[in-house]
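**Q** Need a 3D model of the following:
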Amino acid sequence: MNLNVPNTLRQMNACVVLNVIRENSPLSRAQIAKATGITKATISEIVSDLLAEKIIYESGVSEGGGLGRKGILVNFEPNHGLGIGIDLGGTKITFSLFNLNAELLAQHQEPTYNVTTRRAFLDLFSASIQAFIQRHSVPRDKLKVIGVATPGIVDYRSGMVLEGSPNLPEWDNMPLAAELGARLNVRVVLENDIRAALIGEMWRGKCRHVHSAALIGIGTGLGSALLMDGKIIRGVNNAAGEIGYMLFERNHLNQNWKNKGCFENYCSGSGLKERMAALSGNAMNANEILAAAVAGETLSVMLLEELADYLTIGILNMVTIANFEKVILTGGVSHSAALFMPRVQANLDRHLFANTRVSVELSELKEQAPLYGIAMLALHAVYPSIQFMPDTQLI
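**A** Okay, here's the model as predicted:
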């Protein structure tokens, strides 16, 4: 039975049965029939097919309860299929192994390769993936998909990086899914890293059971991902959420913001560094500026106050348009949120009303969020019959 194409009543019933077993196993056939409303005869046929596919297995017996007959219990087999999830960053790459429950079974991190060409990067990237597969003894017949969360504007459907990160070589107009798939002979799914992180928050983090939210990533750069009325928003050219390019006043129209963007210039790690250099001539990185702010150094404190005010304006504008229930902050700079969040919250309290009130929270998943999110998207691509968040439209 091909569960990946549920276009007949039998296949649709099989999808229902599989998800009931995955979410509630162990179950007897009689319990499955009661839970689904499908006839016992049909349940027996579907369970036989799923057993043959080895996506479920039999183990144990149910309690008979008085004169009732005991039934053999069936269980979901989460390791029937495995996937590799990757968070590809400008300074580090994190690899993970996940199963059909989108559980992270293993992780490994290494520095991003210091090379100048696309081909050299892909050769090293493919070798690292192969080494991760071998290190964890992943059977090739069980490896169903590789998911990659990457910076830049990404077309999920075509597997293209349309506009890449300056920290990755020759990353514009990059058919990354096709390139990796050809090297590794496995399906590859691609998504923007912040968008993947939002999906991870929806699955395991602060956005569970939330239907409208924004995730703002404040790290070396600035970006966001949007969930509106249960749908992940990508935009006509997959550039939704590129808030780093927001402008805030008339004079900003006449300035050359280059590739960074106005908002990112005031509210990111690289922006803090450049603002410090422009105002003082000091070559301090973001971590040094944050540490100096903790120590009460005047200019560093001023830059954090400036960041807080621009972040507030950005959140206010987003909430005014989309009426989000939650805004989640993530990224390296957000780890020092205690330095600027009180000011942000005070600003928000002055300008939001009862019907636009929004909860601004810090991610607890942090760097795990894009790994969970890309696992979810990868599984959706190769096992669409498994329903993790049935009320949400991921693509």
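**Q** any idea how far residue 280 is from residue 291?
**A** The gap separating residue 280 from residue 291 is 15 Å, by C-beta to C-beta, to the nearest Å. All C-beta spots, glycine's among them, are computed from the backbone N, C-alpha and C.
**Q** do residue 209 as well
**A** Distance from residue 209 to residue 291, counting by C-beta to C-beta: 38 Å.
**Q** Which one's more surrounded, these two?
**A** Between residue 209 and residue 291, counting by other C-beta atoms under 10 Å, residue 291 is the more crowded of the two (14 against 8).
**Q** Next, the more buried one: phi, psi?
**A** For residue 291, the backbone dihedrals (degrees, to the nearest 10) come out as phi -60, psi -40.
**Q** Mind pulling up the pLDDT for it?
**A** The predicted local confidence for residue 291 comes out at a pLDDT of 97.
**Q** can you tell me which residues contact residue 197?
**A** When contacts are counted by C-beta atoms under 8 Å, 6 or more residues apart in numbering, residue 197 touches 149, 215, 217, 225, 330, 363, 365, 369, 370, 373.
**Q** which secondary structure element contains it?
**A** Counting by DSSP states H and E, the element that carries residue 197 is helix 193-204.
**Q** what's the average pLDDT for the helix or strand following that helix?
**A** Proceeding N to C from helix 193-204, the next assigned helix or strand is strand 213-218, under DSSP H and E. Strand 213-218 shows an average pLDDT of 97 in the prediction.
**Q** Repeat that for stretch 316-333.
**A** Rounded mean pLDDT across stretch 316-333 is 96.
**Q** what do you get for stretch 251-271?
**A** According to the model, stretch 251-271 has a mean pLDDT of 92.
**Q** So what would you say the end-to-end distance of it is?
**A** Distance between the two ends of stretch 251-271: 18 Å, counting by C-alpha to C-alpha, to the nearest Å.
**Q** what's near enough to touch the most centrally placed residue in the chain?
**A** Taking C-alpha atoms, centre = their mean as the criterion, residue 196 is the residue nearest the geometric centre of the chain, at 2.1 Å. Contacts here follow C-beta under 8 Å, 6+ apart; on that basis residue 196 touches 87, 147, 149, 369, 370, 373, 374, 377.
**Q** if you look at those residues, which of them are in strands?
**A** Among those, the ones falling in strands (DSSP state E) are 87, 147, 149.
**Q** hey, what's the last one bridged with?
**A** The reference is to residue 149. Legend: beta-bridge partners of residue 149 under DSSP bridges are residue 87, residue 191.
**Q** Help me confirm that it comes into contact with residue 86.
**A** Yes: counting by C-beta atoms under 8 Å, residue 86 is a contact partner of residue 149 at 6.8 Å.
**Q** So which of those two has more stuff around it?
**A** Using other C-beta under 10 Å as the criterion, residue 149 and residue 86 rank with residue 149 on top: 30 against 25.
**Q** ok, so what distance separates that one from residue 81?
**A** With distances defined as C-beta to C-beta, the gap from residue 149 to residue 81 amounts to 20 Å.
**Q** And the helices in the stretch 251-395 of the chain?
**A** 262-266, 269-280, 286-294, 298-322, 341-351, 369-382 (DSSP state H, counting those that start in this stretch).
**Q** how big is the angle separating the fifth one from helix 298-322?
**A** For helix 341-351 against helix 298-322, the angle by axes from the mean of the first three to the mean of the last three C-alpha atoms, to 10 degrees is 40 degrees.
**Q** neighbouring contacts of helix 341-351?
**A** Residues external to helix 341-351 that are found in contact with it (C-beta under 8 Å, 6+ apart): 305, 308, 309, 311, 312, 315, 316, 358, 360, 362.
**Q** Which positions within that helix qualify as buried?
**A** When neighbours are counted by 16 or more other C-beta atoms under 10 Å, the buried residues of helix 341-351 are found to be 341, 343, 344, 347, 348.
**Q** Turn these into CSV, columns for distance to residue 159 and pLDDT.
**A** Supplementary listing: the buried residues of helix 341-351 in CSV, determined by distance: C-beta to C-beta, whole Å; pLDDT from 0 to 100:
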residue, distance to residue 159, pLDDT
341, 37, 97
343, 41, 97
344, 37, 97
347, 40, 96
348, 38, 96
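**Q** of those residues, closest to residue 300?
**A** Taking C-beta to C-beta as the measure, residue 343 is the one of the buried residues of helix 341-351 closest to residue 300, at 14.3 Å.
**Q** quick revisit: okay, and the common contacts of residue 149 and residue 86?
**A** When contacts are counted by C-beta under 8 Å, 6+ apart, residue 149 and residue 86 have residue 374 as shared neighbours.
**Q** Can you pull out the low-pLDDT segments for the stretch 51-200 of the chain?
**A** Within the stretch 51-200 of the chain, the set of residues satisfying pLDDT under 70 comprises 64-69.
**Q** Just the buried positions in stretch 276-294, please.
**A** 276, 284, 286, 288, 289, 290, 292, 293.
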